[in-house]
Every structure is written in C-alpha cells, then in structure tokens.
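Colleague: Got a sequence here, can you model it:
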Amino acid sequence: MKNVLNKVKIVAVDLKYPMNIGSLARTMDCCGYKDLALVRPCAGWKNMDAVKFSLFGKHVLDSARIYSDLSELKGKNKVLFGFSRRIGKKRNRPIMLTDLVPYINKFYPTKDLVFVLGVESSGLSTDDISVCDHIVTIDTDVVNNYLSLPTAGAIILYEFRRGLAIKERSETLKHHKHDAGQAGVLLERIRELLKKIGFIDNRDKKRVLAKINDIITRLSTSEIKLLHAILKKEEDGKKNKGSKLER
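Modeller: Numbers count the residues shown, from 1 in each chain. From the prediction side, this is the model:
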C-alpha cells in the first residue's frame, strides 16, 4: 500500500486561505500521503495559520512544491484526476470516488497519480478540468451541497486509502486460500510417506499428523514450496530406482 501512496501527488489549485493548506497537509500526513503541490497559492501561504493547522503534517507543508500552472504537472507517465462535484457538458463521464481504486487498478496500474483539488469557493475551473485526464465525483444524493476544501480533501484521501486497504485485504485472502490449499496437499503427502515407512498407523496417525499440521501452518509459502520440491525429488528418485531394477 505504501508503494502506491508514494506514487500519488496531491495538488491544490488557487487556494486562498493558508489555514486550508495547512489542514490539507495534516490530513495527508494522517492518511500516509507525502507529496503536496500547490498551483498559484495565495501570497504568504506558508504563514503561522498554515503551520498551526498542519500540526504534525508540517513536514508535508515544508516539502510542498509550487507551480504557476496545472499543465506543468502533466507528463507521459502521469494521470491527472480532477475532483469536482459540478458535472456539465464539459464535465461528462465522471468516475465515482468509490470506484476510483478499481478504475486505476484496471487502466493505470503503473502510472503516477495526480489528484487535483480546486479553490475553496468554486472548486476546479473548466480550464483546469480540461487539463485533467479524468473527473472524479461523489454521490450527489449523499452530499447535496459544496464541501469545504479541508472536508473534501479528507473524504477523498480517506476513501482512496480505504479502497487500497480493501484491495490489499482481498489479495491477502486469496493468497492465504492458496497457501491453505498447498498446506493441505503437503500434509497429505507427508501422511502417505509416514504410512509407507511405518511411522504411523491407523491408531496414532491423528495425534502425529495434528502436530505436523501445526508445524505446517507456521510455514511461509516459500517453505511449503521447498518441502513439496523435496518430496517430489524423493518420489522421483524412487521411481527411477524402480525403473532400473525392472531392467
């Protein structure tokens, strides 16, 4: 997840109040984002209000980079997502915020991501929206008025981070299911081997196998694969030995 967040740049355009810049920096730090860019910020944007409202996100504020135009952030390997509640003829086909993670995962898994937020009073202008590759919006049935910049930023950053966490947990679950299947096969192969060498019989196999199963559940995927490879080598060796004796 951290690797994905390292590829995300948060951009605020035309912000007029230093306290909002500080609040955005604080929210970024809370959610694990580090890269802040400001396009045409207000004069004296890094005053005491910005520092006070950034709190423990001051390091994000200190490292913020300044640009005179949003187009400076365009690049071959970058995708710009403009966040706006206003949808019209020139703001069509928006992506819902809740669908952003799967959309990026499907179309831009290796790209650097630029999330663009607009001025406090009216959001992103049509000119700035035109620079962005995509528009991202929220459900207007849930939020029926314009959000403040700090609130909008918090919702966006949290929701994207939450989407990443869900994706990560889903992948981990799939991984664990695969591991569990491989572990079960390994236990069965060991059971067959122990029966062949007379180490277990029908009376004590449950006690012995229960202990072996406890050991297997603590193994990593690579360790399970290694034991499978060892058992396969042993089985292949027996087959080759049997073939030579038959000759």
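Colleague: how does the chain divide up, domain by domain?
Modeller: Following automatic domain parsing, one gets these domains for the chain: 2-170, 173-246.
Colleague: Return the most buried member of these.
Modeller: Stretch with highest mean neighbour count among these: domain 2-170 (a mean of 17; mean count of other CB atoms under 10 Å). C-beta coordinates here come from the backbone N, C-alpha and C atoms, glycine included.
Colleague: Dead centre of this structure: give me the residue that sits there.
Modeller: Centroid check for the chain by CA atoms, centre = their mean gives Leu164 as the closest residue, at 3.4 Å.
Colleague: Against which helices or strands is the host helix or strand of that residue packed?
Modeller: For Leu164, the host element (DSSP states H and E) is helix 149-196. Counting by 3 or more CB pairs under 8 Å, 6 or more residues apart in numbering; DSSP states H and E, the packing neighbours recorded for helix 149-196 are helix 2-5, strand 8-13, helix 18-31, helix 100-107, strand 112-117, helix 205-217, helix 221-246.
Colleague: what's the average pLDDT for the last one?
Modeller: On average, the pLDDT along helix 221-246 is 73.
Colleague: Ranked by average pLDDT, which of the domains of the chain falls at the bottom?
Modeller: Least confident of the domains of the chain, judged by mean pLDDT, is domain 173-246 with a mean of 75.
Colleague: that older thread, you'd agree the residue nearest to the centre of the chain is up against Pro102?
Modeller: No - between Leu164 and Pro102 there is no contact under CB atoms under 8 Å: 10.7 Å.
Colleague: measure Val185 to Asp214 for me?
Modeller: 17 Å (CB to CB, to the nearest Å).
Colleague: Could you do Leu36 as well?
Modeller: Taking CB to CB, one finds Leu36 at 49 Å from Asp214.
Colleague: Likewise for Leu147?
Modeller: Relative to Asp214, Leu147 is positioned 52 Å away (CB to CB).
Colleague: Many thanks, I have nothing further to ask.
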